[in-house]
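1. Show me how the following folds:
(one chain, ligands or ions: 1)
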Amino acid sequence: MKPTHIEHIGIAVGNLENAINLYESIFGLKCYKIEEVADQKVRTAFFIVGQTKIELLESTDPEGPVGKFIEKKGEGLHHIAFSVENIEEKLLQAEKSGIRLIDSIPRKGADGLDIAFLHPKSTTGVLIEICEHKK
Ligand code: CMX
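-> Numbers count the residues shown, from 1 in each chain. Okay, the predicted model is just below:
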């Protein structure tokens, strides 16, 4: 499953507005979008760095994936997202290779992407998202 590039890096934050201010003031980046993804129980903010985005993630529910992550590990690197072509086929390939899928069918994520997660226990402890921008 060869990705075309790193689409984004997801970072779990306690407070989205404070984190946006930090990224804007320290790195001179401009947040181009804030979007709530109810399905994932997060509010997200996006920045572009070259070909890759930074996605800041604030939990909207302590029982959601980012809420639980912050409770257990605190703020920090949450996931890496690889951009792929034909995400359904790539999921099948990953499953055949023995990777544990969190999502066997892609769902709608933030910023217009179809997304699916691979379980960190089968990917060297890193939560990996594969995603595709469907035209
Ligand atoms: N990165 C690495 N490891 C992680 C992790 C992460 N982001 N989140 C959880 N883990 C670890 C846990 O620490 C735990 O490890 P230990 O057993 O060694 O303590 C292990 O994964 C399994 O954890 P769990 O308790 O069984 O499961 P959780 O309820 O914590 O769920 C996960 C973990 C990854 C399955 C869940 O967070 C998930 O389904 N994530 C996919 C969806 C998601 O993350 N959405 C938010 C982003 C949405 C977006 O980008 O739009």
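2. Tell me which stretches of the chain form strands.
-> Along the chain, the segments classed as strands by DSSP state E run 5-13, 33-37, 42-49, 52-59, 76-83, 107-108, 114-118, 128-132.
3. mind giving me TSV with these and columns for distance to the ligand, mean pLDDT and mean neighbour count?
-> Backbone N, C-alpha and C define where each C-beta goes, glycine included. Shown next, in TSV, are the strands of the chain (distance: least, C-beta to the nearest ligand atom, whole Å; pLDDT from 0 to 100; neighbours: other C-beta atoms under 10 Å):
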stretch	distance to the ligand	mean pLDDT	mean neighbour count
strand 5-13	5	98	20
strand 33-37	5	96	15
strand 42-49	5	97	19
strand 52-59	6	98	22
strand 76-83	5	98	18
strand 107-108	9	94	12
strand 114-118	4	97	21
strand 128-132	6	98	22
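4. just so I know, which of the ones you listed lies nearest Ser97?
-> Checking these against Ser97 by C-beta to C-beta gives strand 114-118 as the closest, at 10.4 Å.
5. Kindly format the C-alpha coordinates of that closest one as CSV.
-> The C-alpha trace of strand 114-118 is given here as CSV (Å, rounded to 0.1, in the frame of the first residue of the first chain):
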residue,chain,number,x,y,z
ASP,A,114,-12.6,9.6,3.3
ILE,A,115,-10.7,8.1,6.3
ALA,A,116,-10.0,4.8,7.9
PHE,A,117,-7.8,3.9,10.9
LEU,A,118,-5.4,1.0,11.5
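6. Just the buried positions in the longest helix along the chain, please.
-> For the chain, the helix that runs over the most residues, judged by DSSP state H, is helix 16-27. Residues Leu16, Ala19, Ile20, Tyr23 are the ones in helix 16-27 that count as buried (16 or more other C-beta atoms under 10 Å).
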